[in-house]
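Undergrad: curious how this folds, go ahead:
(chains A and B)
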Amino acid sequence: MTGRRLALILAAVGLIVAAAVALGSGQMPAPAIVASMLRTTLQVATPLTLGALAGLYCERAGVINIGIEGMMLLAAFGGFVAALAAHAALGDGAVGASLAIGVAAAVLCGGLAGAFHALLCVTYRVDQIISGTVLNVLAIGLTGYLSRQLFFQSGMPHAPGVLPTLRLPLLADLPLVGGVFEQQPIALAALALVALTHVVLFHTVWGLRARAVGEHPRAADTAGIAVARVRWANVVVGGLVAGLAGAYFTLESVPTFEPLMTNGRGFIALAAMIFGGWTPLGAWAASLVFGAAQALQINAQGFGLAVPSQLVGMLPYLLTMLALAGLAGRTRPPAADGQPYDPHEAQA
Amino acid sequence: MTLPDAAPLLLEARGITKRFGDLLANDAVDFTLRAGEVHALVGENGAGKTTLMNICFGLERPDAGTLAVGGAPVTLRHPADALRLGIGMVHQHFMLVPVFTVLENVVLGVEPRGPAGALDRHAARARLRALAARYALPVDPDARVEDLAVGQQQRVEILKALYRDARVLILDEPTAVLTPQEVDGLFGVLRGLAAGGVGIVFITHKLAEALAIADRITVLRRGLVVATVRPRDTDAAQLAALMVGRAVALAPTKAPARPGPVVLQVDGLRVLDARGLAAVDGVSFAVRAGEVLGIAGVQGNGQTELVEALAGLRPLAGGRVTWPGLAPVSGRARPWSGGAAAPPTPRAIRAGGTAYVPEDRQRDGLVPSFSIADNLVLCAYDAPPFARWGQHDERAIAAHARTLMAAFDVRAPSERTPVAALSGGNQQKVVLARELSGAVRLVLANQPTRGLDVGSVAAVHQRLLALRDAGCAILLVSTDLDELRALADRIAVLYRGRLVATLPATASPEQLGLLMAGHTPEA
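TA: Below you'll find the model as predicted:
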């Protein structure tokens, strides 16, 4: 990830915000639009950022994960059910605790889904695309079936609430843009995880080994590193992060579950990861571009434009396709990404 | 050199047996290594050298036999076990992560840790610097490995082993990618290490090198140890006979060349590599009927691009080439300028009588999952007698295969055997059988004997010389100077995409080596 590329991606965010100002200047003052756009961008970019980080842990270690969408959906459902159950057990006095239990359960669900992917891809060396597809199909079927079984009679219940908005001290008191720094905990955690992942990948032993395994597993093996163990660990960590992304949907964004509610975010997150050149900072910046596109759609509804909002709503998906088609320039994936490693395979 | 017979045994393998399916790769092999000793392990491809060392490094587990390190019996389940016991290995294909720095590669797996699992680069750098100074192996710790020359990468591999306190250093074919000067440098480093008490296993199939560096030489043939000898008690001819099991003519007998008319004319050829840089930059030469023009050079100096351009697999970025049977073709100076004739297709070049023996037979020369018979008609499958009305004549294809297999001594159960199931030598014979039969006027051969055993090499050499004597023009690209000096009538040296000199085949290896390293006589 070059600084130039990062700057380009962030400029794209600026462009979208500027477009919002241009479109909405008749209705609202420009600073208010900018603040609202940035705040919404950070919010809606949260699952994308987390999804991209989840993908990054897997792919840097050499395991392609197209099952992030499914991992998120499973986690969203698991977290939602756990929060409901906790609320039923603990009562109205412990809404916060119920939600926290929900988040923990979502993260755990993600981790389990990650373990499933690792079992198939690392232990049994199944084709990684197939395994990811299995996860996605399984998640849709399982959550759809269980939600109907559990809630068909009663109708879809509401969770006890959503995670509270936190005000970052000092920053939230800034004039005009202060609102940007009033965010819910998962959105803030995503920001922290971007920084943490950057440090882990590039400045720790864990990261060095993960990258070695993703670039040249045999070199890592001959250096005494247990390739399968490193891959397992990273895929499970990726699952945990995807689980947190899932919690965003049912515990932070809206207090309910709908089938298919992740709505392709897992795939957009993967596009962001690629767009960002397989680096945490790049993936974050790319998530912001997609987030800003979505924020534009949300804000545009308030502007009363002649353009149907569905057209504006296509923007993130169009950007995904363009990013994947290489408009963003070529980036270099980890050399062994997607290749199962068999230590006993004869060397060519 | 005196052998420290009294020196302690570092590594002791007894009765090592390893089977891969029906193949007995190691058959009750005994092998010992003493401190301060260079022990060469020689043998043909597939004799079991690498298997034995993979077992000693924990990459493979023996079916029977015992290993002892420093006198104590050990079981190696994984390279990590071997590394812990002070056994390091420099693999033939380097085990380096190209996008990592030298430092990152060296410490991988034994990283010094700071607080919270942080990578302590300062401690690592200090230790690496100290090691590099102590063993006179200078490297830039922060250079990316992919930017280093092959010789430097090998230095990184050796440092990687030393960083892990290796007392046993296994080197698998370490000189295959080096210039003669780099080989001398490596030998100096190895002698220094041995003097410091390190035991070195030196795997090679180059007998002269084994004789030059080793204190003891162990010869493997078909998984069996056939002899362990001292260099002063033997010579190359005897070692070759031990390796192959019969007497081998090491240098092919060569009649004087009778050069005829020019068959391939190349003027100012420019070829771009994948990054768009000039890999071949203004190369001119001519190959005449009845002569072998050798192209020498360290791997990666434009050989691949040159030969691929001449085979029609890469566009000509500039210059002019006259292939046999075709009108001269000019490359375009700029892709958008237009005007120039389109480069001929590989098919047109072949039709003119050019044969191509690619350097990577498995990638470019064969379809590994296809049968021998199908591989032998890859260039002629669509025309009579092999096809009529869009239908293959399987009988004609099979008969053709049996004829060529007999003529080129391809050893396989039948012509239906997939090429992937053959040994490297037999695979190469399939390529040669396809390329060199028929009306050939020019042969482009890039490393035609790479990875082949002594016996197969001799067969390939004889085949090429026979073609030469029959009036064929041969362009032979090789990184092996012995091969070039044995076969070529003239040797041109390619350095960074330019031909720096053309010498008679009698030029000394030292002279050629200096040119290959970029030292032109005037400089």
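Undergrad: element containing the most centrally placed residue in chain A, please.
TA: Nearest to the geometric centre of chain A sits residue A:51, at 2.2 Å (C-alpha atoms, centre = their mean). Assessed by DSSP states H and E, residue A:51 sits inside helix A:30-60.
Undergrad: quickly check: that helix near chain B or not.
TA: No - contact of helix A:30-60 with chain B (C-beta under 8 Å from any C-beta of the partner chain) is absent, the minimum separation being 11.5 Å. Every C-beta, even on glycine, is put in place using the N, C-alpha and C of the backbone.
Undergrad: which positions in that helix come out as buried?
TA: A:33-60 (16 or more other C-beta atoms under 10 Å in any protein chain shown).
Undergrad: then stretch B:91-111?
TA: B:91, B:94-111.
Undergrad: cool, and stretch B:255-275?
TA: B:257, B:259, B:263, B:264, B:265, B:266, B:267, B:269, B:270, B:271, B:272.
Undergrad: for residue B:370, phi and psi?
TA: phi -80, psi 160 (degrees, to the nearest 10).
Undergrad: ok, back up a step: average pLDDT for the helix holding residue A:51?
TA: Mean per-residue pLDDT for helix A:30-60: 93.
Undergrad: wait, residue B:429 sits on residue B:412?
TA: No - under the criterion of C-beta atoms under 8 Å, residue B:429 is not in contact with residue B:412, lying 9.5 Å apart.
Undergrad: can you tell me how far residue A:215 sits from chain B?
TA: Going from residue A:215 to chain B by C-beta to the nearest C-beta, to the nearest Å gives 5 Å.
Undergrad: try residue A:31
TA: 41 Å.
Undergrad: which residue sits closest to that residue, ignoring its sequence neighbours?
TA: residue A:176 (4.5 Å; C-beta to C-beta, 6 or more residues apart in numbering or on different chains).
Undergrad: helix or strand for that neighbour, which one?
TA: Going by DSSP H and E, residue A:176 is not in any helix or strand.
Undergrad: my guess is it contacts residue A:35, does it?
TA: Yes - in this structure, residue A:176 is within contact of residue A:35 by C-beta under 8 Å, at 5.8 Å.
Undergrad: flag every buried residue along the host helix or strand of residue A:282.
TA: Using DSSP H and E, residue A:282 maps to helix A:280-303. Neighbour counts over helix A:280-303 (16+ other C-beta under 10 Å) mark A:280-300, A:303 as buried.
Undergrad: elements contacting it?
TA: With contacts taken as 3 or more C-beta pairs under 8 Å, 6 or more residues apart in numbering or on different chains; DSSP states H and E, helix A:280-303 sits against helix A:3-24, helix A:30-60, helix A:185-203, helix A:265-275, helix A:309-313, helix A:315-324.
Undergrad: okay if I get the ones you listed as a markdown table plus distance to residue A:146?
TA: Putting those into a markdown table (distance: least, C-beta to C-beta, whole Å) gives the following:
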| stretch | distance to residue A:146 |
| --- | --- |
| helix A:3-24 | 38 |
| helix A:30-60 | 21 |
| helix A:185-203 | 23 |
| helix A:265-275 | 19 |
| helix A:309-313 | 29 |
| helix A:315-324 | 28 |
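Undergrad: residue A:259 is nearest to which of those helices?
TA: Smallest distance to residue A:259 across those (C-beta to C-beta): 14.5 Å, for helix A:265-275.
Undergrad: show me what from chain B comes close to chain A.
TA: Going by C-beta under 8 Å from any C-beta, the residues of chain B near chain A are B:20, B:57, B:59-60, B:78-80, B:83-84, B:89, B:91, B:93-100, B:104-105, B:107-111, B:113, B:116-119, B:160, B:362.
Undergrad: for the stretch 351-500 of chain B, which segments are assigned as helices?
TA: Applying DSSP state H, counting those that start in this stretch to the stretch 351-500 of chain B gives helices spanning B:372-376, B:394-407, B:424-436, B:454-469, B:481-487.
Undergrad: the second one: which residues count as buried?
TA: Neighbour-count burial for helix B:394-407, counted by 16+ other C-beta under 10 Å, picks out B:396, B:397, B:398, B:400, B:401, B:402, B:404, B:405.
Undergrad: now swap in the fourth one and tell me
TA: For helix B:454-469, a neighbour-count test (16+ other C-beta under 10 Å) marks B:454-461, B:463-465, B:467-468 as buried.
Undergrad: burial of residue 194, as a residue count?
TA: All of this refers to chain A. Counted by other C-beta atoms under 10 Å in any protein chain shown, the residues lying close to residue A:194 total 20.
Undergrad: hmm, no, I was thinking of chain B.
TA: Around residue B:194 there are 21 residues (other C-beta under 10 Å).
Undergrad: in what helix or strand does it lie?
TA: Using DSSP H and E, residue B:194 falls in helix B:180-195.
Undergrad: what sits up against that helix?
TA: Contact with helix B:180-195 is made by B:36-38, B:135-137, B:151, B:154-155, B:158, B:162, B:169, B:171, B:174-175, B:178, B:200, B:202, B:209, B:212-213, B:481, B:509-510, B:512-514, B:516-517, as judged by C-beta atoms under 8 Å, 6 or more residues apart in numbering or on different chains.
Undergrad: write the PyMOL selection for whichever of these are buried.
TA: Per 16+ other C-beta under 10 Å, the buried members of these correspond to this PyMOL selection:
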select buried, chain B and resi 36+37+38+135+137+151+154+155+158+162+169+171+174+175+178+200+202+209+213+481+509+512+513+514+516
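Undergrad: identify the residues contacting residue B:326.
TA: Residue B:326 neighbours (C-beta under 8 Å, 6+ apart): B:344, B:348, B:349, B:352.
Undergrad: by mean pLDDT, flag the weakest helix or strand of the chain.
TA: Let's take chain A. Counting by mean pLDDT, DSSP states H and E, chain A has its least confident helix or strand at helix A:315-324, which shows a mean of 68.
Undergrad: look at chain B instead
TA: strand B:329-330 (a mean of 84).
Undergrad: now for that one, which elements pack on it?
TA: strand B:318-322.
Undergrad: give me the three-state assignment for residue 263.
TA: All of this refers to chain A. With DSSP: H, G, I helix; E, B strand; the rest coil as the basis, residue A:263 sits in coil.
Undergrad: nope, chain B please
TA: strand.
Undergrad: once you drop chain neighbours, what's closest to it?
TA: residue B:473 (3.6 Å).
Undergrad: how many residues are close by the one you found?
TA: Neighbours around residue B:473, by other C-beta under 10 Å: 28.
Undergrad: what score does it have for pLDDT?
TA: 95.
Undergrad: distance of it relative to residue B:320?
TA: Distance, residue B:473 to residue B:320, using C-beta to C-beta, to the nearest Å: 17 Å.
Undergrad: one more: residue B:114?
TA: Here residue B:114 is placed at a distance of 61 Å from residue B:320 (C-beta to C-beta).
Undergrad: which stretches of the stretch 251-400 of chain B have low pLDDT?
TA: Confidence mapping of the stretch 251-400 of chain B against pLDDT under 70 gives the ranges B:251-252, B:275, B:332-342.
Undergrad: would you pull up the residue in it closest to chain A?
TA: Distances between the stretch 251-400 of chain B and chain A by C-beta to the nearest C-beta are smallest at residue B:362, namely 7.5 Å.
Undergrad: could you give the number of residues near that residue?
TA: If we define neighbours as other C-beta under 10 Å, then residue B:362 has 16 of them.
Undergrad: which residue comes closest to it once chain neighbours are left out?
TA: residue B:368 (5.8 Å).
Undergrad: how about residue A:102?
TA: Nearest one to residue A:102, counting by C-beta to C-beta, 6+ apart, is residue A:83 at 2.9 Å.
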